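[1] No sequence on hand, only this structure:
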């Protein structure tokens, strides 16, 4: 039996089409910016995207993803740090929750997660660490799995790397004190999630919300539908 299971969130535990969701997310952020007096919400959102790319590609172990993002975002937008942090805090508190209507829970996921915890397996939410914890917690709640005592939830506050870099997965196993060869990564993205195999983590590719751009060099150890995953976890020894 695995000593730890790492679960992707979007498209794996939560039924969400990120290609559809993200424009809604940026639209809501733009509306929040207008309501708070920003004259150019498009510039704010455009810089958010650019700074997110900087954060994803940064491999410095000295700065958290949040620090990398905010440094680039604030310097390029020439914005006041306290003002922007207050804006993001308010958005994720009152704006982000409105996006729940654009996704839905997967049936059976809460029961699967309960079974994992009953077996005493270390459990990690290994969602790409580009969002603050509050936004991740919201999506866990939408999926019906927000109240479990996870070993780790990767967020931009506590991580130094992003998917698909192997350093992201190495940081996780070091944080939870696990042997990569005794870990399983479950996800729906052939690039970001299957990259876990680069450090020896076994992988299960969930096909219900499959993301496959056709150029992934990785191959899953197992793959199938969510129902297949449920059975796989039940039968683990």
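    Great, that's in hand. Worth saying up front: this structure is predicted, and the values here are computed from it rather than measured. Residues are numbered from 1 along each chain as shown.
[2] Can you read off the pLDDT for the residue most central in space within the chain?
    The chain has residue 127 as the residue nearest its centroid, 2.2 Å off, counting by C-alpha atoms, centre = their mean. Looking at residue 127, its pLDDT stands at 98.
[3] That one reaches residue 6, doesn't it?
    No: using C-beta atoms under 8 Å as the test, residue 127 is too far from residue 6 to be in contact (9.8 Å). For the C-beta atoms, the positions are set from N, CA and C on the backbone; glycine is no exception.
[4] Just give me the neighbour total for residue 100.
    12 (other C-beta atoms under 10 Å).
[5] Likewise for residue 151?
    17.
[6] Find the nearest non-adjacent residue to it, please.
    Counting by C-beta to C-beta, 6 or more residues apart in numbering, residue 151 lies nearest to residue 122, which is 4.5 Å off, once chain neighbours are set aside.
[7] Ok, residue 185 next?
    Per C-beta to C-beta, 6+ apart, closest to residue 185 is residue 196, 3.7 Å.
[8] Likewise for residue 116?
    residue 123 (5.6 Å).
[9] same for the helix or strand encompassing that neighbour, what does it pack against?
    Using DSSP states H and E, residue 123 maps to strand 122-125. If you count contacts as 3 or more C-beta pairs under 8 Å, 6 or more residues apart in numbering; DSSP states H and E, strand 122-125 packs onto strand 4-7, helix 109-118, strand 152-153, helix 166-176.
[10] Name the strands paired with it and say parallel or antiparallel.
    strand 4-7 (parallel), strand 152-153 (parallel) (DSSP bridges).
[11] who's in contact with it?
    Strand 122-125 is contacted from outside by 3-7, 9, 13, 113, 116-117, 136, 140, 148, 150-154, 172, 176, 178, using C-beta atoms under 8 Å, 6 or more residues apart in numbering.
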